[in-house]
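Engineer: quick one, structure for this:
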Amino acid sequence: MATILKDKKAVILKLKEPSRVTTVIPTAKLVRHNGFDLVAVPHRPDETRVLRTLGYDGIPDPLKTHYDFPLASGRFKPFAAQIETANFLSMNSRCFCLNSMGMGKTVSSLYAYDYMRKAGLVRKALIVCPLSTMERTWADEVFKTFPHLDATVLYGTHLRRVKLLGQNAHLYIINTDGLKTIEAQLAVRDDIDLIIVDEIATFRNSSTTRWKTLNTILNKQKVTRRVWALTGAPTPNAPTDAWAQCRAVTPTNPDLPAYFGKFRDLTMKQLSQYKWAPRDNAADIVKQVMQPAIRFALDDCVDLPPQIFISRDAEMTDEQKKAYKDMVSKLATEFDGGQILAVNEAVKANKLVQIACGVAYASDGSTLHIPCQPRMEVLEEAIEESEGKVIVFVPLTAVLEQVVERLSKKWEVAAVHGETSKHSRDTIFHRFQDKQDSLHILVANPGTMSHGLTLTAATNIIWFAPIYSNDVYEQACARVRRPGQTKTTVIVHLAGSEIERRIYQRLQTKQKLQGLLLDMMKEDGENP
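Structural biologist: Residues are numbered from 1 along each chain as shown. Take a look at the predicted model:
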């Protein structure tokens, strides 16, 4: 029989053979109470896991029992799935969280870390994530929901990253390919005893420097660390994508073959010299090796809001930054001269958005393409994380074809813009709505799809850039949220500039856009 003392955060056991517990749980203590010998065990995840192994199945989950979930001002309470996910992470030293995009993997893992830190089981954590999510997802979530935690974003030159890592913080956030720059420093940082790997699927190739660095840090350094790996799409290309992830996160799993070739033979069948196809039981094998794991899909959770908004940073290239800076200087001069007015403000603002998207329009109407590789990469990341079909809205015609060309290398894509004939549109929309059809991505100018259409085969919309129209934005987002939609929908905003973020903010909250650029130009020190 077990009794939980919440004020002491302890489990009290009355046992005939106390040594059965005290010999395997060093933190257990013998206590005398009312003439009885009792065993007091700290009610924490590690001890609870051992007690359950010994047969004491009735021990409740420590996190659910003792943790007070912090709430940011005006924020919703954690969903049931987020509570279960946080609890699962706390109970497993190495595991996978495979929840769908929009399910709150970020806040769930931060809840788990916060609880474990307060319980004295971890000290500091390193978060490894895509560049696009460092500030807008991870740092923002810490700021909004965990004001008592300090987070440091490790970004910049090698020396700058090392210097920032040397600062005292609870959480360090670094981008996936920046991990190599601090590998040596991590080898002697035993205080960083938790690593959260966001989008672990980006480590699906064991021959890359990226994977080798992560594997060294997780498995070859002398520091013992917990590892929580997050992704909503663990096998975006093939079942074999799972092997490298498991070798890094759970290499001691007895069900995981030691060599990639063996795993490939288990999950794939060879059709020709260079062509392979998944075996019928591939998904079951992936599930077996990718353990322990938790997964909640969007349609599993009835307490989620009907539409979820996610922001992703898309850093501008040096060429974009120069063009953007030049345009800001030009607009500042025009503002000082009274040339920016309410009637032409949208046109002026769009010049900045255009550059952030990789294009500039000359006075004669011709276009100049500017390299924008990071935004394309962030777009692909967001698509890979999406479940099912995806709509990508590209407001700029000059960029739309570039997006289609890029995405067509990996997926079947169709484009809809002002010159697409009605017959072609009807055919594309019909194919897209057919969930069995291979057409996976619809790239469109939002103005051509803002009214009347039902495209509920998709649950995710990705905005490549914002549009300066509340009506078009609202109607375009409504294409997936219509009668017949049975799942929660996700809207992803890509942005690389402050003005884009301001536009998205006003669009999402249905505020008027008129005056936005003027307001930013008036703010002292504000750079749009």
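
Engineer: can you pull the domain assignment for the protein?
Structural biologist: Listed by automatic domain parsing, the domain ranges of the chain are 2-60, 80-300, 307-314+370-522.

Engineer: what residue ranges in the stretch 301-450 of the chain score low on pLDDT?
Structural biologist: For the stretch 301-450 of the chain, the stretches flagged by pLDDT under 70 are 301-305, 450.

Engineer: could I get the full set of strands for it?
Structural biologist: Assigned by DSSP state E, counting those that start in this stretch, the strands in the stretch 301-450 of the chain fall at 307-313, 359-361, 367-369, 389-393, 413-416, 441-444.

Engineer: using TSV, lay out those strands together with distance to Val50.
Structural biologist: C-betas here are computed from N, CA, C, even on glycine. Output for these, formatted as TSV (distance: least, Cβ to Cβ, whole Å):
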stretch	distance to Val50
strand 307-313	38
strand 359-361	60
strand 367-369	60
strand 389-393	44
strand 413-416	52
strand 441-444	48
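
Engineer: of all those, which lies closest to Arg210?
Structural biologist: strand 307-313 (19.4 Å; Cβ to Cβ).

Engineer: what pairs with that closest one, parallel or antiparallel?
Structural biologist: strand 489-495 (parallel) (DSSP bridges).

Engineer: picking up where we left off before, would you tell me which of the strands of the stretch 301-450 of the chain gets closest to Val328?
Structural biologist: Among those, strand 359-361 sits nearest to Val328 (Cβ to Cβ), with 13.4 Å.

Engineer: list the buried residues for the closest one?
Structural biologist: 359-360 (16 or more other Cβ atoms under 10 Å).

Engineer: what lines up beside it in the sheet?
Structural biologist: strand 367-369 (antiparallel).

Engineer: what does the strand it pairs with rub up against?
Structural biologist: 358-362, 398, 402 (Cβ atoms under 8 Å, 6 or more residues apart in numbering).

Engineer: most widely separated two among those?
Structural biologist: Taking Cβ to Cβ, no two of the contacts of strand 367-369 sit farther apart than Ala362 and Gln402, at 17.4 Å.

Engineer: reformat the contacts of strand 367-369 as JSON lines; add distance to Ile370.
Structural biologist: JSON lines is the format used below for those (distance: Cβ to Cβ, whole Å):
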{"residue": "Gly358", "distance to Ile370": "5"}
{"residue": "Val359", "distance to Ile370": "7"}
{"residue": "Ala360", "distance to Ile370": "6"}
{"residue": "Tyr361", "distance to Ile370": "11"}
{"residue": "Ala362", "distance to Ile370": "13"}
{"residue": "Ala398", "distance to Ile370": "11"}
{"residue": "Gln402", "distance to Ile370": "11"}
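
Engineer: for Leu271, state which of those is nearest.
Structural biologist: Out of the contacts of strand 367-369, the member with the shortest distance to Leu271 (by Cβ to Cβ) is Gln402, at 33.1 Å.

Engineer: about what we covered before: what is the nearest of the contacts of strand 367-369 to Glu377?
Structural biologist: Among the contacts of strand 367-369, and counting by Cβ to Cβ, the member closest to Glu377 is Gly358, at 12.3 Å.

Engineer: next, count neighbours for the residue lying closest to that closest one once chain neighbours are set aside.
Structural biologist: Nearest non-adjacent residue to Gly358, counting by Cβ to Cβ, 6 or more residues apart in numbering: Cys372, 3.0 Å away. Residues near Cys372, counting by other Cβ atoms under 10 Å, number 24.

Engineer: in this structure Cys372 contacts Gln320, no?
Structural biologist: Yes - if you go by Cβ atoms under 8 Å, Cys372 and Gln320 touch, sitting 6.3 Å apart.

Engineer: coming back round to it: can you report phi and psi for the residue nearest to Gly358?
Structural biologist: Torsion angles at Cys372 (phi, psi; degrees, to the nearest 10) stand at phi -140, psi 40.

Engineer: just the pLDDT for the closest residue to Trp138 other than its chain neighbours.
Structural biologist: Nearest non-adjacent residue to Trp138, counting by Cβ to Cβ, 6+ apart: Ile173, 5.1 Å away. Looking at Ile173, its pLDDT stands at 98.

Engineer: distance of Ile173 relative to Phe96?
Structural biologist: Separation of Ile173 from Phe96 (Cβ to Cβ, to the nearest Å): 20 Å.

Engineer: what do you get for Thr157?
Structural biologist: On the measure of Cβ to Cβ, Thr157 and Phe96 end up 33 Å apart.

Engineer: between these two, which one's more packed in?
Structural biologist: Phe96 (27 against 9).

Engineer: between Ala362 and Gln402, who's got more neighbours?
Structural biologist: Gln402 (18 against 8).

Engineer: shouldn't that one be in contact with Cys357?
Structural biologist: No - between Gln402 and Cys357 there is no contact under Cβ under 8 Å: 9.3 Å.

Engineer: isn't Tyr468 right next to Lys351, touching?
Structural biologist: No - look at Tyr468 against Lys351 with Cβ under 8 Å: they stay out of range, at 11.3 Å.

Engineer: who has more neighbours, the two?
Structural biologist: Between Tyr468 and Lys351, counted using other Cβ under 10 Å, the more crowded position is Tyr468 (20 against 17).

Engineer: how far is the helix ranked longest in the chain from where the chain is centred?
Structural biologist: Counting residues, the longest helix found in the chain (DSSP state H) is helix 318-336. On the basis of Cα atoms, centre = their mean, to the nearest Å, helix 318-336 sits 32 Å off its chain's mean C-alpha point.

Engineer: ok, now stretch 497-505?
Structural biologist: Counting by Cα atoms, centre = their mean, stretch 497-505 comes out at 20 Å from the chain centroid.

Engineer: ok, residues contacting that stretch?
Structural biologist: Here stretch 497-505 has contacts from 311, 316, 324, 349, 352-353, 356, 463, 465-468, 493, 495, 511, 513, 516-517, 520, 526-528, using Cβ under 8 Å, 6+ apart.

Engineer: any chance of a ChimeraX selection covering the buried ones in the residues you listed?
Structural biologist: Buried residues among those (16+ other Cβ under 10 Å), as a ChimeraX selection:
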select :311,316,324,349,352,353,356,463,465,466,467,468,493,495,513,516,517,520,528
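
Engineer: so which of the contacts of stretch 497-505 sit within helices?
Structural biologist: Using DSSP H, these in helices are 324, 349, 352-353, 356, 516-517, 520.

Engineer: residues near Val328, how many?
Structural biologist: 18.

Engineer: do the one 4 residues further on as well
Structural biologist: Residues within reach of Ala332, counting by other Cβ under 10 Å, total 14.

Engineer: Met521 is in contact with that one, correct?
Structural biologist: Yes - with contact defined as Cβ under 8 Å, Ala332 reaches Met521; the gap is 6.9 Å.
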